[in-house]
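Visitor: Pasting a predicted model and its sequence here:
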Amino acid sequence: MHQPVPLASIAAASPRWILAVAVVAMAAWTASTETARATVGESPATVTPEETDGGGLYIPTDDGRYMPVPLVSTEIDSSVSGLVARTVVRHRFRNPSDDWIEAVYVFPLPQRSAVDQLRMIIGERVIEGHIEERQQAKRTYEKARAAGARAGLVEQERPNIFTSSIANIGPGEEVSVEIGFQETLRFESGAFRMRLPLVVGPRYIPRTRPVAGFGGTGWAVNTDQVPDAERITPPVRGPLEDPGNPVSLTVDLDTGFPIAGVTSPDHSLAVVDAGIGRRTITLAAGPVPAERDLTLEWRPRPGNEPTAGLFEETIDGSRFLLLMLMPRTAGDSDQATAREVVFVIDTSGSMHGTSIEQAKSALHLALDRLRPTDTFNIIQFNNHASALFASAQPATTDAIALAHRHIVALTAEGGTEMMAGLRLALDGRDHGGRVRQVVLMTDGAVGNESALFAHIAAELGGSRLFTVGIGSAPNGHFMAGAARVGRGSHLFIGDLSRVEEQMNALLRKLERPAMTDIRLAWPAAHATETFPLPVPDLYAGEPLMVVARLPDDAVGETVDVAGRVGSKGWRTSVTLKGGRQRPGIARLWAREKIRALGDSVFLGADPAEVREAIVRTAIAHHLVSRHTSLVAVDATPVRPQETPPATRPVPTNMPAGWSHEHVFGEAELRKAAAPTPHPTVRLAADTRTRSLAGLPQTATPASLYAIVGFVAILLAVLLFAFARFSGRAAR
């Protein structure tokens, strides 16, 4: 009999034998891995990252490969009449697998959209959605999903972020989901603008206490500041993958007046002239990836600029009005007023690349327009916030030169601790005769908007806050909301070549006195609900836009409008008749009421009473809101009860110009460069280290691989020992 070989003799083996053991072990490990993969199976429909062609979106499978996701494409059809746009967004989902699945897709809409329609189309079946209180709608959807019926649910996470859930898509089946909304368009600097967000950029979640919050499929952890973080952070396609989700666009434009043309700073357009003020607009290159927002602009021909517009709709004994008025004296100026201008620039990782260059260019321009009577300061924030000066300094040649050098040295790294920047910028005080203007330049990639709005409302004092949205997909909800609460205005810069043009337009506003103390006197005999309330300050080139509800017998009366420009008073009257009939004005009014109710919480209103009022208004006008959702259910079950649906979150694209490395960190970039990367990451909410942690991994049989590998190595060692001992015995 052979005697066992002591471990000490194995350790003393020659290097060539150790090498042999390593080779045998590696071969055994490789064989065991392939065997394990064969055991769990590999769908022939899956591909490696290098094999994806960018024609759609992909989801990770259990073995680290990818399968085409059910979202096939997005189609946008919009009809614009004067100030109002009615849009239908159509998402087409296809199930490429052999399983029954539930698709969950987070998508953006304009922050001022009134969402009122959900329609599911399966073959020739059309299922219409209806509004329910949010939790009830969720229960309705989950009951239908469990019963095997097709169902759809649209929930609002933010006024500009929505989640669409589609249950029980059968193997190989295609489903279209139509979401309809309307919005009022912006008019500023002589142009109408329509902005359609196409991608939800990753949101920074501040480091606070984790909470149970609202369950979702996103990469972030719910926190006490952002209890729905899981719902606003959809999976993101990796940096090695081409962008997917092709988007097509058709816009039927009817302005009601001659226009000079239609342009887009973001996309190439094909524009067909259909008559005076009418155009049909499509994308010149056909469908484009959903990686940057789409903006359309059109200008009236000289001499045809609108001075007023009135749209109306009568429902159930009430007249709903949308009024636009361009105060002709809003640009008049008294002697220049001394200003304190505080520039706040976002230098977080999401701003890396084109965005930080846009922001720095805008800041250089702003400095050069300061007057000798002005004072200024610069605040930058990422993980922390810091100011260039301890307090605002006179705009001397030396101070401005120092500031220019400071701007050149700025880099974009780290987290987005915007609260720290706002705490430095807003002091809650009035400033006597000096106008104090805070200009915030950011992509707004934050998830704690409500906390930031509350801070702005509490600490604004005599300051006015202006927001400049930077990059291909800024957070429109934050940009517009912060400016609204801050009693300023906002703009978006998505094209580096237009920084000077757009920034100069904003700076001209800031240099002129605003129209303040605006009051509307509606017919005294009628109860009127009008929004926004209070009416914000107006700056040069901005129209007054209000919505109101009056009794339908208020025909022929007028509304008086008064305000102040510098030290001068201003007054005019508008007749409340002859308005253009337009369906949907009532829902636009209801949307503004819901927004005003939400803002009232920042000013101390009872959240429970606000919630009740929002639900009541949203249900009455069939609108999606924070507390109501659209749900559509096909009563006929289609999925076999013994086959539960698999939930498939649909990844979104990284916005164009954003750096995956600077948003998610170098570790995730290295992971993406590996043979089988996972396209999503979880951002740990750590404002000090900006550390990263991976998402819970998919169900790969890692433990099986480890066990099989260990056994293979052990067998290799035993074989070596046996061969060594046999050789000695033979000698």
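Guide: It's in. Numbers count the residues shown, from 1 in each chain.

Visitor: Each with direction, which strands does the helix or strand where I281 lies pair with?
Guide: Assessed by DSSP states H and E, I281 sits inside strand 278-283. Using DSSP bridges, the strands paired with strand 278-283 in its sheet are strand 246-254 (antiparallel), strand 269-275 (antiparallel).

Visitor: Would you tell me which one of these is buried the most?
Guide: Ranked by average neighbour count under the criterion mean count of other Cβ atoms under 10 Å, the strands paired with strand 278-283 are headed by strand 246-254 at a mean of 18. Glycine gets a C-beta too; all of them are placed from N, C-alpha and C.

Visitor: pull the CA atoms of the helix or strand containing D560 into PDB?
Guide: Using DSSP H and E, D560 sits in strand 558-565. Presented in PDB, the C-alpha positions along strand 558-565 are these (Å, rounded to 0.1, in the frame of the first residue of the first chain):
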ATOM      1  CA  THR A 558     -62.600  92.700 -18.200                       C
ATOM      2  CA  VAL A 559     -59.600  92.000 -16.000                       C
ATOM      3  CA  ASP A 560     -57.400  94.900 -14.800                       C
ATOM      4  CA  VAL A 561     -53.700  94.300 -14.600                       C
ATOM      5  CA  ALA A 562     -51.400  96.600 -12.700                       C
ATOM      6  CA  GLY A 563     -47.700  96.500 -11.600                       C
ATOM      7  CA  ARG A 564     -44.600  98.600 -11.200                       C
ATOM      8  CA  VAL A 565     -41.400  98.900 -13.300                       C
END
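
Visitor: quick one, the helix or strand just after it and strand 558-565 angle?
Guide: As assigned by DSSP H and E, the chain's next helix or strand after strand 558-565 is strand 568-575. Interaxial angle, strand 568-575 versus strand 558-565 (axes from the mean of the first three to the mean of the last three Cα atoms, to 10 degrees): 160 degrees.

Visitor: got the CA coordinates for strand 568-575 in PDB?
Guide: The C-alpha trace of strand 568-575 is given here as PDB (Å, rounded to 0.1, in the frame of the first residue of the first chain):
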ATOM      1  CA  LYS A 568     -43.100 103.800 -12.400                       C
ATOM      2  CA  GLY A 569     -46.600 102.300 -12.300                       C
ATOM      3  CA  TRP A 570     -48.200 100.400 -15.100                       C
ATOM      4  CA  ARG A 571     -51.800  99.400 -15.800                       C
ATOM      5  CA  THR A 572     -53.900  97.900 -18.600                       C
ATOM      6  CA  SER A 573     -57.200  96.000 -19.100                       C
ATOM      7  CA  VAL A 574     -58.000  92.900 -21.000                       C
ATOM      8  CA  THR A 575     -61.500  92.000 -22.300                       C
END
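
Visitor: Following element in sequence after the strand holding I281, please.
Guide: As assigned by DSSP H and E, the chain's next helix or strand after strand 278-283 is strand 288-289.

Visitor: C-terminal to that next one, what's the next element?
Guide: strand 294-300.

Visitor: Using CSV, write out the CA atom coordinates for that next one.
Guide: Output in CSV follows, covering the C-alpha atoms of strand 294-300 (Å, rounded to 0.1, in the frame of the first residue of the first chain):
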residue,chain,number,x,y,z
LEU,A,294,-35.5,68.0,-27.9
THR,A,295,-36.2,71.7,-28.2
LEU,A,296,-38.3,73.4,-31.0
GLU,A,297,-38.2,77.2,-31.4
TRP,A,298,-40.2,79.5,-33.7
ARG,A,299,-40.2,83.2,-34.0
PRO,A,300,-43.0,85.5,-35.2
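
Visitor: what inclination does that strand have with respect to strand 246-254?
Guide: On the basis of the same axes, to 10 degrees, strand 294-300 is oriented at 20 degrees to strand 246-254.

Visitor: quick one on the thing from earlier: I'd like the strands paired with strand 278-283 as TSV, with distance to R429 and mean pLDDT appended.
Guide: What follows is the strands paired with strand 278-283, written out as TSV (distance: least, Cβ to Cβ, whole Å; pLDDT from 0 to 100):
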stretch	distance to R429	mean pLDDT
strand 246-254	46	91
strand 269-275	47	93
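
Visitor: Can I get those in CSV including distance to G566?
Guide: What follows is the strands paired with strand 278-283, written out as CSV (distance: least, Cβ to Cβ, whole Å):
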stretch, distance to G566
strand 246-254, 37
strand 269-275, 40
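
Visitor: which one of the ones you listed lies closest to P607?
Guide: strand 246-254 (36.8 Å; Cβ to Cβ).

Visitor: contact partners of that closest one?
Guide: The contact list for strand 246-254, computed with Cβ atoms under 8 Å, 6 or more residues apart in numbering, reads 55-56, 73-82, 194, 196, 198, 262, 274, 277-283, 286-290, 294, 296, 298.

Visitor: Pull out the buried residues from the residues you listed.
Guide: 56, 73-78, 80-82, 194, 196, 198, 262, 277, 279, 281, 283, 288-290, 294, 296, 298 (16 or more other Cβ atoms under 10 Å).

Visitor: Bridged to S573, which residues?
Guide: Beta-bridge pairing of S573 under DSSP bridges involves D560.

Visitor: can you tell me which residues contact it?
Guide: Applying Cβ under 8 Å, 6+ apart, we find S573 in contact with 558-561.

Visitor: likewise A403?
Guide: Residues counted as contacts of A403 (Cβ under 8 Å, 6+ apart) are 367, 376, 378, 388.
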